[in-house]
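[1] Predicted model, plus sequence, below.
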Amino acid sequence: MLYKIAHFLRDRMGWLWTFVEWVNSLLFVGRYGKRLKSVSFSMVPQDYEVVALSNVPTEKMVAFFERQPEEAFTYFKPHGFDAQSIRRLQRNRAFMAYVLLEKASGAIAGYCFNRCFFHGVGYRGRMVDISFRGRGLGTLMNKLLNEAGFGIGLRLFESVSRDNVASYRAALSASKVRVLQELPDNELYLEILPE
């Protein structure tokens, strides 16, 4: 139910969604602020580093999204991809977002997030750069999101389309999941279960 309400507000009442996000961020930090400081990642491959979205230049993120092919956005529409939307996310402490950087080139290999709510749930999402696909980075980012989300005590959820084969496989190979609901357009609403 909350999932449907959130998508309705985000898609049809942007001004109200912005207000809800602001209030949620305040409440989330009030509840989880101390735990957020202790988030760390134990499974980052040597060739990569994980950087918080707030520490990545906005223009670099906009360029990352512009570089992706149109088909990458068929199933990935969690927020706006313009500079203003990215800056808003960078300030939102309830949006636990990370960028996977290739150390050698400094290129963004992937982007992932847990969109968190003060009542203890998070919704994960990720995008692998077109040049870095096929290396298992989607699965890796899911594991990182699980480590961060479960590490602070959240329940995690995700919606994924069976038609989005790479994302579907990454969701299932990174986590134990329970299908909560079958949604329109061949999508599944999943609860991510702790190992």
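    Yes, it's here. Please read all numbers here as calculations on a predicted model, not as lab measurements.
[2] Now do residue 137: how many residues are near it, please.
    23 (other CB atoms under 10 Å). Using the backbone N, CA and C atoms, a C-beta is placed for each residue, glycine as well.
[3] what's the answer for residue 76, then?
    Neighbours of residue 76 using other CB under 10 Å come to 17.
[4] what does residue 168 give?
    What residue 168 shows, counting by other CB under 10 Å, is a neighbour count of 19.
[5] List the residues that contact it.
    160, 161, 162 (CB atoms under 8 Å, 6 or more residues apart in numbering).
[6] repeat for residue 81
    Counted by CB under 8 Å, 6+ apart, residue 81 has contacts 62, 65, 66.
[7] could you redo the last one with a cut-off of 6 Å?
    With contacts defined as CB atoms under 6 Å, 6 or more residues apart in numbering, residue 81 is in contact with residue 65.
[8] what about it, distance to residue 58?
    As judged by CB to CB, to the nearest Å, residue 81 and residue 58 stand 11 Å apart.
[9] same question, residue 151
    Using CB to CB, residue 151 is found at 27 Å from residue 58.
[10] same check, this time on residue 108
    Distance of residue 108 to residue 58, computed by CB to CB: 13 Å.
[11] Assign residue 46 to helix, strand or coil.
    Look at residue 46: counting by DSSP: H, G, I helix; E, B strand; the rest coil, its state is coil.
[12] give me every residue that touches it.
    Not one residue lies near residue 46 by CB under 6 Å, 6+ apart.
[13] got a pLDDT number for residue 167?
    On the pLDDT scale, residue 167 is placed at 86.
[14] Same check on residue 8?
    The score at residue 8 is 65. That number is its pLDDT.
[15] my guess is residue 49 contacts residue 101, does it?
    Yes - under the criterion of CB atoms under 6 Å, residue 49 makes contact with residue 101 at 5.2 Å.
[16] more neighbours, the two?
    In terms of neighbours (other CB under 10 Å), residue 101 is the more surrounded of residue 49 and residue 101; the figures are 19 against 16.
[17] Tell me who's in contact with that one.
    Contacts of residue 101 (CB under 6 Å, 6+ apart): 49, 51.
[18] Please name the bridge partners of it.
    residue 49, residue 108 (DSSP bridges).
[19] go on, residue 179?
    Counting by DSSP bridges, the residues bridging with residue 179 are residue 190.
[20] Give me the buried stretch members for stretch 160-168, please.
    160, 164, 167, 168 (16 or more other CB atoms under 10 Å).
[21] Just give the nearest non-adjacent residue to residue 183, would you?
    Distances taken as CB to CB, 6 or more residues apart in numbering place residue 189 nearest to residue 183, at 5.6 Å, with adjacent residues excluded.
[22] What is the neighbour count of that neighbour?
    17.
[23] Now do the contacts for it.
    Residue 189 neighbours (CB under 6 Å, 6+ apart): 159, 180, 181, 183.
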